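Novice: quick one, fold the following:
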Amino acid sequence: MRKGAKRGMPERILVVDDDPDIRDVLRITLETEGFEVSEAGDGEEALKAVKRIAPHLLILDMMMPKMNGDEVSRTLKKDLLLRHIPIIMLTGKGEIDDKVRGINAGVDDYLVKPFEPRELLARVKMIMRRTASALDANPLTKLPGNISIANEINGRIDQKRPFAVCYVDLDKFKALNDRYGFTRGDKIISELAKILLDSVNSAGDPDDFIGHEGGDDFVVVTAPGKADAVSQAIIKAFDSVAPSFYNEEDRKLGFVIAKDRQGKTKQFPLITVSIGIVTTENREIHHIAEVGEVGAELKKYAKSLEGSNYVKERREEKE
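Specialist: Modelled structure (predicted):
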């Protein structure tokens, strides 16, 4: 077993090349180091395999039938759930144009064929280390976690890009979780993650970001002008499926009976969603702490309202 890999859980690498001899060399080299290797012979097959096996790394040939390597890379980088997968591009030419194409397509590194196996392994291990420290995906939703969320917000602050951060939280989730159990709770969190993805895809921008802070707390980073539409889409979609989380009796009653955080038994309305939106629309944000502080206030206010709501920051920067 390769050092650093979890016992019983080897890191998965997908090798994509239309030359079976190259795939054999890569497989032998990587399996010797304890990696779990899968193969694909063209770009279309690669995209199907990525969704099926969720690899930790992609080794991708530039020139292939059906879809070139850069086309595969661009497709993956557009997918909010798959864009984090690192890619090493293999090229047989070594020309600057191929390197530029790969970089523009979002690849993390490249090697020129024929390659030296020891160099390949060194690059693979380097990227694995870098990815492990940078990627903190939530195990349930596979969405990026707190480190990635902070990096995304800090990046936009540093680049002085206008942005809006939508803090998404479920209301009365604990009561439902206590009533029906953690399995139902996990299903609801997974459903909310899917709703966020669908809402951003339909109402947001291609470079929007979705993160999972943990539990039922999520973050969406979008453009200021998209925040309202994204939040409205989230609320509409969630409210349409929320009743299905309950049995028929509870749906008819419109509440569940559970204990609050102080241990007192009381009635809790059906689950809703609240969103607090921090935006650079009316003022400049200089530090991520400002975002978190204001976001917590706005989300708390949204949760105090009846039903599903979103609250957007209206304060203007003082002169």
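Novice: pLDDT below threshold where in the stretch 101-250 of the chain?
Specialist: In the predicted model of the stretch 101-250 of the chain, residues 101-105, 132-135 satisfy pLDDT under 70.
Novice: just the helices in it please.
Specialist: 117-134, 146-158, 173-180, 182-203, 227-241, 248-253 (DSSP state H, counting those that start in this stretch).
Novice: now find how far off-centre the fourth one is within its chain.
Specialist: Just to be clear, that refers to helix 182-203. Its chain's C-alpha centre and that of helix 182-203 lie 12 Å apart, by CA atoms, centre = their mean, to the nearest Å.
Novice: stretch 264-278 too?
Specialist: 24 Å.
Novice: for that stretch, give the mean pLDDT please.
Specialist: Stretch 264-278 comes out with an average pLDDT of 94.
Novice: buried stuff in that stretch?
Specialist: Residues of stretch 264-278 classed as buried by neighbour count (16 or more other CB atoms under 10 Å): 268, 270-278. Where you see a C-beta, it was placed from the backbone N, CA and C, and this is true even at glycine.
Novice: do the same with stretch 210-224
Specialist: 210-213, 216-223.
Novice: first-to-last residue distance for that stretch?
Specialist: The first and final residues of stretch 210-224 sit 15 Å from each other (CA to CA, to the nearest Å).
Novice: residues making contact with that stretch?
Specialist: Stretch 210-224 has contacts (CB atoms under 8 Å, 6 or more residues apart in numbering) with 80, 138, 140-141, 143-146, 148-149, 152-153, 156, 162-170, 173, 188-189, 192-193, 196-197, 200, 204-205, 208-209, 230, 234, 279-281.
Novice: ok, stretch 243-259 next?
Specialist: The contact list for stretch 243-259 (CB under 8 Å, 6+ apart) reads 174-176, 178-180, 184, 187-188, 265-271.
Novice: okay, now residue 54: neighbour count?
Specialist: Here the number of neighbours of residue 54 (other CB atoms under 10 Å) works out to 14.
Novice: all numbers from here: first residue = 4
Specialist: New numbering, starting at 4: the last item is residue 57.
Novice: isn't it up against residue 15?
Specialist: Yes. Using CB atoms under 8 Å, residue 57 is in contact with residue 15, at 7.2 Å.
Novice: how far away is the residue nearest to the spatial centre of the chain from residue 222?
Specialist: Geometric centre of the chain, nearest residue: residue 146, 3.1 Å, by CA atoms, centre = their mean. Look at residue 146 and residue 222: by CB to CB, to the nearest Å, they are 9 Å apart.
Novice: counting neighbours, what do you get for residue 131?
Specialist: Using other CB under 10 Å, residue 131 has 19 other residues around it.
Novice: surely it meets residue 37?
Specialist: No. Look at residue 131 against residue 37 with CB under 8 Å: they stay out of range, at 11.3 Å.
Novice: any figure for the gap between residue 208 and residue 85?
Specialist: Going from residue 208 to residue 85 by CB to CB gives 18 Å.
Novice: that should have said residue 179, apologies.
Specialist: Taken as CB to CB, the span from residue 179 to residue 85 is 30 Å.
Novice: neighbour count for these two, which is higher?
Specialist: Neighbours were counted for residue 179 and for residue 85 using other CB under 10 Å; residue 179 has more, 24 against 17.
Novice: so what's the more buried one closest to, chain neighbours aside?
Specialist: Counting by CB to CB, 6 or more residues apart in numbering, residue 179 lies nearest to residue 274, which is 5.3 Å off, once chain neighbours are set aside.
Novice: assumed residue 87 was part of a helix.
Specialist: No. Going by DSSP: H, G, I helix; E, B strand; the rest coil, the assignment for residue 87 is coil, not a helix.
Novice: where's it relative to residue 14, distance?
Specialist: 14 Å.
Novice: related to what we said a few turns ago, to residue 24, which of the helices of the stretch 104-253 of the chain lies closest?
Specialist: helix 120-137 (13.6 Å; CB to CB).
Novice: could you check how far that closest one is from the centre of its chain?
Specialist: Offset of helix 120-137 from its chain centre (CA atoms, centre = their mean): 21 Å.
Novice: please apply the same query to stretch 243-260.
Specialist: Mean-position distance between stretch 243-260 and its chain equals 29 Å (CA atoms, centre = their mean).
Novice: can you list the domains in this protein?
Specialist: Recorded structural domains for the chain (assignment: automatic domain parsing) are 15-137, 149-315.
Novice: what lies in contact with the one helix or strand residue 48 maps to?
Specialist: Taking DSSP states H and E as the criterion, the element that holds residue 48 is helix 46-56. Under the criterion CB under 8 Å, 6+ apart, residues 15, 17, 19, 41, 43, 58, 61, 63, 67-72, 74-75, 78-79, 85, 88 lie in contact with helix 46-56.
Novice: kindly recompute the last result at 6 Å.
Specialist: Helix 46-56 is contacted from outside by 15, 17, 19, 41, 43, 67, 69-70, 75, using CB atoms under 6 Å, 6 or more residues apart in numbering.
Novice: now the buried members of these.
Specialist: Here, 16+ other CB under 10 Å leaves 17, 19, 41, 43, 67, 70, 75 buried among the contacts of helix 46-56.
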